[in-house]
Every structure is written in structure tokens, then in C-alpha cells.
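Engineer: Attaching a predicted model along with its sequence, questions to come.
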Amino acid sequence: MKDSNGIAIVDMSLSAAEVARDISQACESSGCFHLINHTVPPTLLADVMKEMDKFFSLPLEDKQKCFPLNPSDDRGYSAFATQNIAAFMGRRNEPNDPVEKFAYSSPTPLVDAYTSPNVWPSQLPNFRSTMEDYFFAVKGLTKKLFDLFALALKIDPEYFSTRTTTAPNCVKLNHYPAMFKAAGRFGEHTDSCSFTILFIDSTPNALKIRMPEKQEWIPVNPQLNGLFVNLGDVLQRWTNDKWLATPHRVDGQGNATDRKSVAFFVMLSSSAEIECFPSCVGDGAKYEPITFYDFVQKKIEGLQIGLK
Ligand SMILES: O=C(O)CCC(=O)C(=O)O
Ligand SMILES: [Fe+2]
């Protein structure tokens, strides 16, 4: 099944074998798919949007009380236009992204080199519990997806669980205020994690992915109560480029409306080695094994990452 723009729709109510087949086709051809009939309740999705609205509507000084204790921690509030995804991807001359964010990680403390403490607003009685419920609901979905990936790739499902025990999965709430000019909202990038589960609002033609075949940018318009999954660099590397990390960006269309999205980045434990799956090595692995921690550090430093 595909949407009107040709993006795969994976229906989780089908049999595991059928879902694994559809995921496999989508990941090989574009690295992304809509997910419908997943396990995250629509009422929770609606509550997340409601609480986000309340948070981003707070006066700036209240949001600033949620700055992380250590400024380099990716937690709590990041003010409007203070981050630059293009620089992270090695492009130095693009403006900061016109977005403000709130980031948090697992409600249960983890011992992992990437973990830093969550920060919560004190003014909103339901914000923290809603976001924690969302974390656990999506975490449960990631476990199901990992099992389906294992089926699709003919590997032991334990492969993923042993490498994600202390993974500092991170949720980012993104708020793009309305703007009356046609500037892009979030620059082109691939995510540095294994995969991302995105929950986007209904602003049309904002998020775009680049389809590998014709290199054209295709809009991602959400399915009703659906989620959108895009693979990150780690799954591409794990699969020796059989599955693709999807380049994506948020365009200026729809800028006249306020836009919100929620990204759940599915990470690995920092010390986990990323090594090509035996079932994908074929004529030889293209990449050296590397720990997840080193992989991300090297991406930040803009280095070639262990290409053979
Ligand atoms: O806002 C969006 O739809 C995409 C955000 C995104 O790509 C990211 O946070 O990595
Ligand atoms: Fe992204």
C-alpha cells in the first residue's frame, strides 16, 4: 500500500510475515514508511499535541527555566533559532533552524555515557506524565519494530535487545512558529540513530523526504492517527547499505501556520558496536565496526566514519 505521493504505508494489523515483507520493501527502496494500526493510542497522540501547545505558549522566561543544567546536554528547552542541523551535517553557511524544542529521555534512569538528566516545567501539571506515557508507549512500539526488522533481515531479535539495553532514546518536541517568509524550517539531514518515529501535525507539504530513485523531494503528509518511520545512519550501516537512511528536511511551504512535530530517536547503548549484519555482508562489509558513541562523535566532528 502507498499514499498518493508514493510513500509506503505499513499496516501493523497484518500478519508479522506480511508486515516484515512490507517493511523490507520500504526500507530498501526509500528507508521510510507510514505506520498505521500501531499501538500508540490516538488519545495519547492528541494529549501530547495539547501539552506541547501549553508548553510552547508559556512566557519565554518560564520556558528558559527548563534550560538543561549543563548547557551542552540535549535536554529541556532549546530557544528559537539556536540550533543548526546543517552545521551538524558539515554544511557551515546555512542559517539556524527557525524552531524551538523541548527534549527528554527515559523516565527511568539509565547508566550510559550519553545520558543526562531530564528537566521538566513546574507550571504544567500534566506535561511530564503525558510525555512519560508517550515515551513508554513509543518504546513499546520500537521493540515491536525491532522484532519485525529482525524477521525481515533474518537475524536473531536478541541482536537488537542486547545492543539497546541502556540506549538513551531521546524525544524531541519541535515547534515551528508561523513565519511570513518562505525560508526552510529544518535543513536537509539524515538522523544519526538507528531509526526515528515521527509524529507530525497536519500542516501540508512541510516535511519532505528525498527519494533515491529520481532524487526528488516528496512531501510526507500524515495518515490519520498514523506515525512516520525513517531509518537513520545506523540501520544503513548495519545493513551494509541494503536499507537506506532517508534524507529529509522541513520546507517553507505551510510557513504561514504554526507547525508541531515529535521525533522519537531510537538509539543504541553507547558502547554497542555497529557491525554489518552477517546476513547483509554479501561480498564484504563496506564499513569497519565502530561503537555507537564513536560513530556519533565522528559525525559531529564531520569525519569520514570508518569507510573501508
Ligand atoms: O519536524 C519534522 O517533521 C522533522 C524533524 C526532524 O527531522 C528531526 O528532528 O530530526
Ligand atoms: Fe530528522
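Structural biologist: Nice, thanks for sending it over. Residues are numbered from 1 along each chain as shown. Ligands and ions are numbered 1, 2, ... in the order given.

Engineer: Of all the residues in the longest helix anywhere in the chain, which ones are buried?
Structural biologist: Using DSSP state H, we find that the single longest helix of the chain is helix 127-153. Within helix 127-153, the residues that qualify as buried are 127-128, 130-135, 137-139, 141-142, 145-153, counting by 16 or more other Cβ atoms under 10 Å. For every residue, glycine as well, the C-beta is placed using N, CA and C.

Engineer: Counting by contacts, list what that helix packs against.
Structural biologist: The contact analysis (3 or more Cβ pairs under 8 Å, 6 or more residues apart in numbering; DSSP states H and E) places helix 127-153 against helix 16-29, helix 42-56, strand 100-105, helix 158-163, strand 170-176, strand 195-200, strand 259-266.

Engineer: switch the cut-off to 6 Å
Structural biologist: Identification of packing neighbours for helix 127-153 by 3 or more Cβ pairs under 6 Å, 6 or more residues apart in numbering; DSSP states H and E yields helix 16-29, helix 42-56.

Engineer: Could I get the average pLDDT for that helix?
Structural biologist: Average pLDDT, helix 127-153: 98.

Engineer: and what of stretch 54-69?
Structural biologist: 97.

Engineer: Any residue of it touching ligand 1?
Structural biologist: No. Using Cβ under 6 Å from any ligand atom, stretch 54-69 never reaches ligand 1; the gap is at least 13.6 Å.

Engineer: now what about that stretch, what contacts it?
Structural biologist: 75-77, 119, 121, 123-124, 127, 175 (Cβ atoms under 6 Å, 6 or more residues apart in numbering).

Engineer: Please list only the buried members of those residues.
Structural biologist: By neighbour count, with 16+ other Cβ under 10 Å, the contacts of stretch 54-69 hold 75-77, 119, 121, 127, 175 as buried.

Engineer: So which of those belong to strands?
Structural biologist: Cross-referencing those against strands under DSSP state E gives 76-77, 175.

Engineer: Now tabulate the residues you listed in TSV and tack on distance to ligand 1 and pLDDT.
Structural biologist: Below are these laid out as TSV (distance: Cβ to the nearest ligand atom, whole Å; pLDDT from 0 to 100):
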residue	distance to ligand 1	pLDDT
76	16	97
77	15	98
175	10	97
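
Engineer: Residue numbers of this structure in contact with ligand 1?
Structural biologist: Listed as neighbours of ligand 1 in the chain under the rule Cβ under 6 Å from any ligand atom: 172, 174, 186, 191, 198, 200, 207, 248, 250, 261, 263.

Engineer: and the second one, what does it touch?
Structural biologist: I take that to be residue 174. 99, 101, 261.

Engineer: In terms of pLDDT, where does the second one sit?
Structural biologist: Note on residue 101: pLDDT of 97.

Engineer: Give me the nearest residue to it, chain neighbours excluded.
Structural biologist: Spatial nearest neighbour of residue 101, chain neighbours left out: residue 78 (4.4 Å); criterion: Cβ to Cβ, 6 or more residues apart in numbering.

Engineer: returning to what we had before: reformat the buried ones among the contacts of stretch 54-69 into a markdown table and put distance to residue 270 next to each item.
Structural biologist: Shown next, in a markdown table, are those (distance: Cβ to Cβ, whole Å):
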| residue | distance to residue 270 |
| --- | --- |
| 75 | 16 |
| 76 | 21 |
| 77 | 24 |
| 119 | 21 |
| 121 | 28 |
| 127 | 28 |
| 175 | 29 |
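
Engineer: Which pLDDT value belongs to the closest residue to residue 138 other than its chain neighbours?
Structural biologist: Nearest non-adjacent residue to residue 138, counting by Cβ to Cβ, 6+ apart: residue 264, 4.6 Å away. Note on residue 264: pLDDT of 98.

Engineer: swap in the one 5 residues further on?
Structural biologist: Residue 269 is assigned 96 on the pLDDT scale.

Engineer: and it, what is it in contact with?
Structural biologist: So residue 269 contacts 165-167 (Cβ under 6 Å, 6+ apart).

Engineer: rewinding a little: can you tell me which of the residues of the chain next to ligand 1 lies closest to residue 224?
Structural biologist: residue 200 (12.3 Å; Cβ to Cβ).

Engineer: my guess is that closest one meets residue 220, correct?
Structural biologist: No. Residue 200 lies out of contact with residue 220 (Cβ atoms under 6 Å); the separation is 7.1 Å.

Engineer: Overlap of the contact sets of those two?
Structural biologist: residue 207.

Engineer: what about residue 191, how many residues close to it?
Structural biologist: 21 (other Cβ atoms under 10 Å).

Engineer: which regions of the stretch 201-308 of the chain sit below the pLDDT cut-off?
Structural biologist: In the prediction, the stretch 201-308 of the chain carries residues with pLDDT under 70 at positions 254, 303-308.

Engineer: Quick check, the residue in it closest to ligand 1?
Structural biologist: Proximity of the stretch 201-308 of the chain to ligand 1 (Cβ to the nearest ligand atom) peaks at residue 261, 3.4 Å away.
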